[in-house]
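# output the structure for:
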Amino acid sequence: MLNLSKNRINHKIDPNKLESFGATRKYKSQKVLKKLLNFSILLFAVILFIPWTQNIRAKGYVTTLTPGQRPQTIQSVIPGRIEKWFVTEGDYVAKGDTILFISEIKGEYFDPNLVERTDTQIKAKELSVKSYMEKVKALDNQIDALINIRKLKTQQSQNYVKQALLAIQSDSANVQNAENDFVISERQLKRTETLYEEGLKSLTDLEKAKMKVQKTKAKRIEAENKLLTSRNKLINAKVDLESIESLYRDKLSKAESTKFTALSNMYDAEGQVTKMQIQYMNYSMRTGLYYITAPQNGYITQAIKTGIGETIKAGDKILSIMPADHQLAVTMYVEPMDLPLMKVGEDVRIVFDGWPAIVFSGWPGVSHGTFGGRVVAIDNFISENGKYRVLIAEHESEDHHWPDLIKIGAGVKAFALLEDVPIWYELWRNINGFPPNFYQGKTKETKKNK
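Numbering: from 1, shown residues only. This is a model prediction of the structure:
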């Protein structure tokens with residue numbers, strides 16, 4: 001009965017005597033519902049205290065650990081025309097194997113004997129350098145000879161000067177003697193004249209005295225002339241000494257100028273030889289660049305330039321190659337808010353596209369089909385998609401290694417594992433929009449030790 005009315009009849013009817021009415025009264029739904037609610041509340045309370053591993057979810061793709069192991073394109077260093085292909089797409093090539101041959105398209109390199117002719121020019125120019133060196137040596141010898149001759153001529157002129165000085169001294173003495181003789185002869189003439197007037201000397205003695213005066217006077221004049229001649233010789237010797245210095249200075253300057261001109265020509269020739277040697281090496285290296293070879297062991301994936309006779313520019317992409325030896329890694333992109341929680345060495349669980357997996361992000365131990373990894377590098381600059389790139393390598397201590405059939409470029413989902421917290425705390429954190437807990441490895445070890 002619904003008992004909607006206030007007029008009750010429960011006291012007038014005995015429910016136990018009416019079988020159908022009693023059946024409706026004796027139901028157990030309230031007890032079952034009560035037990036179910038109690039059990040659900042208890043179960044929910046227990047679940048709230050179950051440990052939950054906080055994590056950061058991100059998507060990415062498979063790549064290689066080092067840049068040198070990633071797919072690359074092969075370019076031509078020089079422009080040319082494709083003449084012959086030696087490989088096809090999908091072929092395996094070893095390092096140094098020839099991939100294709102190109103021919104020259106620039107007019108200045110058409111000569112097939114360009115390298116040999118350049119080598120001949122270099123040898124001719126080297127002989128020119130050698131001749132200039134010999135000329136410089138000859139000029140050095142000439143300069144040395146001029147220096148020696150100048151030294152000897154200078155010594156000779158200096159000796160002439162000394163001789164002239166000595167001659168002047170000697171002539172000066174002779175002039176002085178002649179002057180003395182002349183003075184004495186004049187005195188004797190005066191005494192002779194006095195004695196002649198007194199009759200003590202004869203006319204002959206007087207005439208002899210006069211003749212003696214004339215002789216001494218002539219000797220004095222001769223001595224003076226000789227002195228002047230010696231002085232002129234001194235002046236001439238000094239002039240010769242100065243002229244020798246000037247003459248050989250001019251000769252040495254001219255020889256040194258010729259020497260420096262030869263040195264300048266020699267240096268210019270050496271510069272031309274060096275320039276031609278550089279050209280020779282460039283031509284030799286360019287000849288080797290006609291054959292484009294594989295930079296490392298790998299597989300030819302795609303030919304970008306095809307056909308025979310097609311021209312290519314320097315730096316144009318010709319084909320792509322996938323290195324054969326590589327170590328797989330995963331690139332994932334995390335939000336800027338989650339970046340401070342990432343650190344090198346952080347454990348990460350990975351799900352590869354194409355591999356079945358049962359994932360419980362909060363309980364990584366219960367998950368199946370995931371693979372372990374660790375963070376090896378974190379970018380410090382944001383990417384074009386507004387996230388930060390994180391590089392993940394395979395975890396060395398994992399029992400389940402990454403599948404060998406994984407291809408580079410395949411998509412992945414990654415879960416960076418953080419701190420273990422109760423479920424109630426994780427729900428409360430998500431409701432309030434707080435970030436996951438951040439901790440360091442040393443702090444975790446310290447907590448375990450405590």
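
# Thr301 and Ser284: what is the separation?
32 Å (C-beta to C-beta, to the nearest Å). Just so you know, the C-beta spots here come from the backbone N, C-alpha and C atoms, and that holds for glycine as well.

# check contacts around Gln176.
Listed by C-beta atoms under 8 Å, 6 or more residues apart in numbering, Gln176 has no contact partners.

# looking at this, it is in a helix?
Yes. Secondary structure of Gln176 (DSSP: H, G, I helix; E, B strand; the rest coil): part of a helix.

# all the helices of the stretch 101-250 of the chain, residue numbers only.
Ranges of helices within the stretch 101-250 of the chain are 114-198, 203-288, based on DSSP state H, counting those that start in this stretch.

# helices or strands up against the longest one?
This points to helix 203-288. The helices and strands touching helix 203-288, judged by 3 or more C-beta pairs under 8 Å, 6 or more residues apart in numbering; DSSP states H and E, are helix 114-198.

# off-centre distance for the helix it packs on?
Offset of helix 114-198 from its chain centre (C-alpha atoms, centre = their mean, to the nearest Å): 63 Å.

# go on, stretch 332-340?
35 Å.

# ok, now stretch 82-92?
On C-alpha atoms, centre = their mean, the centre of stretch 82-92 falls 35 Å from that of its chain.

# buried stuff in that stretch?
Ile82, Trp85, Val87 (16 or more other C-beta atoms under 10 Å).

# could you dump these to JSON lines with pLDDT, secondary structure and distance to Ala269?
As requested, those are exported to JSON lines (pLDDT from 0 to 100; DSSP: H, G, I helix; E, B strand; the rest coil; distance: C-beta to C-beta, whole Å):
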{"residue": "Ile82", "pLDDT": "92", "secondary structure": "strand", "distance to Ala269": "41"}
{"residue": "Trp85", "pLDDT": "92", "secondary structure": "strand", "distance to Ala269": "46"}
{"residue": "Val87", "pLDDT": "91", "secondary structure": "coil", "distance to Ala269": "47"}
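
# nearest to Ile378 among those?
Nearest to Ile378 among these: Val87, at 38.7 Å, using C-beta to C-beta.

# now the helices of the stretch 101-250 of the chain as CSV including mean pLDDT and distance to Ser40?
Output for these, formatted as CSV (pLDDT from 0 to 100; distance: least, C-beta to C-beta, whole Å):
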stretch, mean pLDDT, distance to Ser40
helix 114-198, 87, 90
helix 203-288, 87, 80
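
# tell me the one among the buried residues of stretch 82-92 nearest to Glu126.
For the buried residues of stretch 82-92, the nearest to Glu126 is Ile82 (38.8 Å; C-beta to C-beta).

# please enumerate the strands of the stretch 301-450 of the chain.
311-312, 317-323, 328-334, 347-352, 371-378, 388-394, 411-422 (DSSP state E, counting those that start in this stretch).

# with mean pLDDT added, can I get these in a markdown table?
Shown next, in a markdown table, are the strands of the stretch 301-450 of the chain (pLDDT from 0 to 100):
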| stretch | mean pLDDT |
| --- | --- |
| strand 311-312 | 90 |
| strand 317-323 | 91 |
| strand 328-334 | 90 |
| strand 347-352 | 84 |
| strand 371-378 | 88 |
| strand 388-394 | 91 |
| strand 411-422 | 74 |
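
# now those strands as TSV including distance to Ile105 and mean neighbour count?
Shown next, in TSV, are those (distance: least, C-beta to C-beta, whole Å; neighbours: other C-beta atoms under 10 Å):
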stretch	distance to Ile105	mean neighbour count
strand 311-312	6	17
strand 317-323	15	18
strand 328-334	40	22
strand 347-352	47	22
strand 371-378	43	18
strand 388-394	41	21
strand 411-422	43	19
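
# got TSV for these, with distance to Ala255 too?
Shown next, in TSV, are these (distance: least, C-beta to C-beta, whole Å):
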stretch	distance to Ala255
strand 311-312	59
strand 317-323	62
strand 328-334	74
strand 347-352	83
strand 371-378	71
strand 388-394	73
strand 411-422	83
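
# looking at those, which is closest to Lys212?
Closest approach to Lys212 among the strands of the stretch 301-450 of the chain (C-beta to C-beta): strand 311-312, 121.8 Å.

# related to what we said a few turns ago, and of the buried residues of stretch 82-92, the nearest to Lys35?
Among these, and counting by C-beta to C-beta, the member closest to Lys35 is Val87, at 75.9 Å.

# wouldn't that closest one be in contact with Val93 here?
Yes. With contact defined as C-beta atoms under 8 Å, Val87 reaches Val93; the gap is 6.1 Å.

# surely Ser230 and Tyr160 touch.
No. Here Ser230 does not reach Tyr160: they are 11.7 Å apart, not a contact under C-beta under 8 Å.

# these two: which is more packed in?
Neighbours were counted for Ser230 and for Tyr160 using other C-beta atoms under 10 Å; Ser230 has more, 21 against 17.

# and for the residue nearest to the more buried one when sequence neighbours are not counted, the neighbour number?
Spatial nearest neighbour of Ser230, chain neighbours left out: Ala167 (4.0 Å); criterion: C-beta to C-beta, 6 or more residues apart in numbering. The burial count assigned to Ala167 is 17, neighbours taken as other C-beta under 10 Å.

# do you know how far Ala167 is from Asn232?
With distances taken as C-beta to C-beta, Ala167 is found 10 Å from Asn232.

# swap in Ile143?
Ile143 is 35 Å from Asn232, by C-beta to C-beta.

# what do you get for Glu242?
Taking C-beta to C-beta, one finds Glu242 at 16 Å from Asn232.

# do the same with Leu328
Counting by C-beta to C-beta - Leu328 and Asn232 are separated by 109 Å.
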